[in-house]
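Asks: how would this look folded up:
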Amino acid sequence: MRRFVFLSAALCLSSTAAMAQGQGATASSGPMVITISRLDCSRVIQHTPAADVAYKPGVDVHGKPVVSADADPKQAEFAKKILPEVLEIPLTINPLTYNKAKAANKNKAAAASAVAANTQAITTAKAQGTALNTQLGTLTSQKTALTNTYNADTAALIANTGGAGTTDAGLLRVRAARQSAIDSAYNGKLSTINSQITSVNSAITANTASLTNLQAQDTTLRQQYTDTNMATEGTLAGLSAKGLDSTQMKLGTIKYDIARNIFTFNDEPLMSEDQRALAEACARRGVR
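Replies: From the prediction side, this is the model:
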């Protein structure tokens, strides 16, 4: 309705102005023409949004009350109060004891790692020894079964060719030919099994020697760890006794903008590679 009022007013103004010009013109001036430009329209027509366009919290498009999307607005409001917009993590070191303490703890960690690696090697060697002995037992059983089969086949051949005391030349020739085939098959399989048994026995010998060395080394490494641990504790205690472990130097501050999901260090943005390195360093410290 307001659009038509403004438009009518504009037309009236334009007509009045045109008629005033027409009165001062001669009859030969021709018909009067009224022109309204797009700019004129944009000036006189004002947009009035409908009542259902603007967002109104707590009601739908029909004006009916609706439940808020936030299931627990009080909890959300409480979280906003206790959680800052930017988390700050100061980074500090002890400049007087950092290198000494770091070196002492590094030596202790290296000694502990050596004990753990040697213990794992002992466990692996024992498991390998068990597997090799099982394999040797299987091969020995196969060899025994092969020999029993050979003896049974030989006995059956003798029985089928006239028995042990036969003197028949034809039977003896048949027996010799068949016995040769039995011997050939047996010897081929026996040679393979014996080769495997030799290989397994060599592996058992080597594994046994390795296990013996690892067990002897275990005693040495554990003693080294005990000595290193005592030295580390002594170093740290000495630094603490001098009051040097309470000095601190601030390296900077890491800030995390929760809303923008951005990390900065001393107000300088951290790149993705820097953030990855920071995450790895935190993970090594047990922070994830």
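
Asks: pull out the CA atoms of stretch 253-260 and give them to me as CSV.
Replies: This file holds the C-alpha atoms of stretch 253-260, laid out as CSV (Å, rounded to 0.1, in the frame of the first residue of the first chain):
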residue,chain,number,x,y,z
THR,A,253,53.3,-18.4,25.7
ILE,A,254,51.3,-20.7,23.4
LYS,A,255,47.7,-19.4,22.9
TYR,A,256,44.8,-21.4,21.5
ASP,A,257,41.9,-19.4,20.2
ILE,A,258,38.9,-21.8,20.7
ALA,A,259,36.5,-20.0,18.4
ARG,A,260,38.9,-19.6,15.5
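
Asks: just give the nearest non-adjacent residue to Gln215, would you?
Replies: Leaving out its chain neighbours, the residue that sits closest to Gln215 by C-beta to C-beta, 6 or more residues apart in numbering is Ile122, at 6.3 Å. For the C-beta atoms, the positions are set from N, CA and C on the backbone; glycine is no exception.

Asks: contact partners for the one you found?
Replies: Listed by C-beta atoms under 8 Å, 6 or more residues apart in numbering, the contact partners of Ile122 are 211, 214-215, 218.

Asks: ok, and the most crowded of these?
Replies: Comparing the contacts of Ile122 by number of neighbours (other C-beta atoms under 10 Å), Leu214 comes first, having 19 neighbours.

Asks: check what pLDDT that one gets.
Replies: Leu214 carries a pLDDT value of 97.

Asks: does it touch Ala121 like I think?
Replies: Yes - checked against C-beta atoms under 8 Å, the pair Leu214 and Ala121 is within contact range at 5.3 Å.

Asks: what kind of secondary structure is the residue nearest to Gln215 in?
Replies: Following DSSP: H, G, I helix; E, B strand; the rest coil, the label given to Ile122 is helix.

Asks: any chance you could list what contacts stretch 137-151?
Replies: Contacts with stretch 137-151, where a contact means C-beta under 8 Å, 6+ apart, come from 182, 186, 189-190, 193-194, 196-197, 200.

Asks: ok, now with 10 Å
Replies: Contacts to stretch 137-151, defined as C-beta atoms under 10 Å, 6 or more residues apart in numbering, come from residues 182-183, 185-187, 189-190, 192-201.

Asks: what about the helices in the stretch 101-250 of the chain?
Replies: Using DSSP state H, counting those that start in this stretch, the helices found in the stretch 101-250 of the chain span residues 169-241.

Asks: okay, and for it, where does confidence drop off?
Replies: Applying pLDDT under 70 to the stretch 101-250 of the chain flags residues 239, 241-250.

Asks: now the contacts of stretch 137-151: which count as buried?
Replies: 186, 193, 196-197, 200 (16 or more other C-beta atoms under 10 Å).

Asks: okay if I get these as TSV plus distance to Gln223?
Replies: Converted to TSV, the buried ones among the contacts of stretch 137-151 look like this (distance: C-beta to C-beta, whole Å):
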residue	distance to Gln223
Tyr186	56
Ile193	46
Gln196	41
Ile197	40
Val200	35
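
Asks: separation between the residue nearest to Thr154 when sequence neighbours are not counted and Gly163?
Replies: Sequence neighbours aside, Ile182 is the residue nearest to Thr154 in space, at 6.3 Å (criterion: C-beta to C-beta, 6+ apart). According to C-beta to C-beta, to the nearest Å, Ile182 and Gly163 sit 17 Å apart.

Asks: export stretch 134-146 as CSV, just CAs?
Replies: Only the C-alpha atoms of stretch 134-146 are listed here, as CSV (Å, rounded to 0.1, in the frame of the first residue of the first chain):
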residue,chain,number,x,y,z
THR,A,134,59.2,-78.7,18.5
GLN,A,135,60.4,-78.8,14.9
LEU,A,136,63.2,-81.2,15.7
GLY,A,137,60.8,-83.5,17.5
THR,A,138,58.5,-83.5,14.4
LEU,A,139,61.4,-84.4,12.1
THR,A,140,62.5,-87.2,14.4
SER,A,141,59.0,-88.7,14.5
GLN,A,142,58.9,-88.5,10.7
LYS,A,143,62.2,-90.3,10.4
THR,A,144,61.0,-93.1,12.8
ALA,A,145,57.8,-93.5,10.8
LEU,A,146,59.7,-93.6,7.5
